[in-house]
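**Student:** Any chance you can model this:
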Amino acid sequence: MVPPVARAFVFGIAVAVLVTDASAVDKYPDKYDNINLSDILSNERLFKRYLGCLLADNDRSCNSEGKELRKYIPEALTNNCAKCTEKQKNGAERVIRFLHDQKPADFQKLLAKWDPQGVYRRQYEDRVST
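**Tutor:** Have a look, this model is predicted:
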């Protein structure tokens, strides 16, 4: 099973295509909720573009969505995606499962980058089986 903290983290990748800026109503904008995640996850070039953005030390290699995403990852981790729409939560879950099952090495790199002490993984261990 994928730890919920990993779900929250991978929210970041999903958000790269779902979110461009914070909403005044405490939800992330739904502008990209209908993006086809299958296209991104099945296209190695697109996938690597987003992955590279998230793993980089700065946002110079990121497109505009990636730059915004990098701003939201810390908040999404700490609040367990509380500002996500349902579609964003579902998209995050889908991306997490994809990474965990299909790209485990990339998944571990992302966790090491965004949760190096395992704080969020430990915080959500009781939900691992959900």
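
**Student:** going forward, measure contacts between C-alpha atoms and count neighbours the same way
**Tutor:** OK.

**Student:** For this structure, which segments count as helices?
**Tutor:** 4-18, 37-42, 44-55, 64-79, 86-102, 104-114, 119-123 (DSSP state H).

**Student:** now Ala105: how far from Phe98?
**Tutor:** Distance, Ala105 to Phe98, by C-alpha to C-alpha, to the nearest Å: 12 Å.

**Student:** repeat for Lys89
**Tutor:** Lys89 is 14 Å from Phe98, by C-alpha to C-alpha.

**Student:** now swap in Asn63 and tell me
**Tutor:** Where Phe98 is concerned, Asn63 sits at a distance of 22 Å (C-alpha to C-alpha).

**Student:** pLDDT weak spots in this protein?
**Tutor:** Residue ranges of the chain with pLDDT under 70: 1-25, 121-130.

**Student:** Assess the claim that Cys62 and Leu51 are in contact.
**Tutor:** No. Judged on C-alpha atoms under 8 Å, Cys62 makes no contact with Leu51 at a distance of 9.5 Å.
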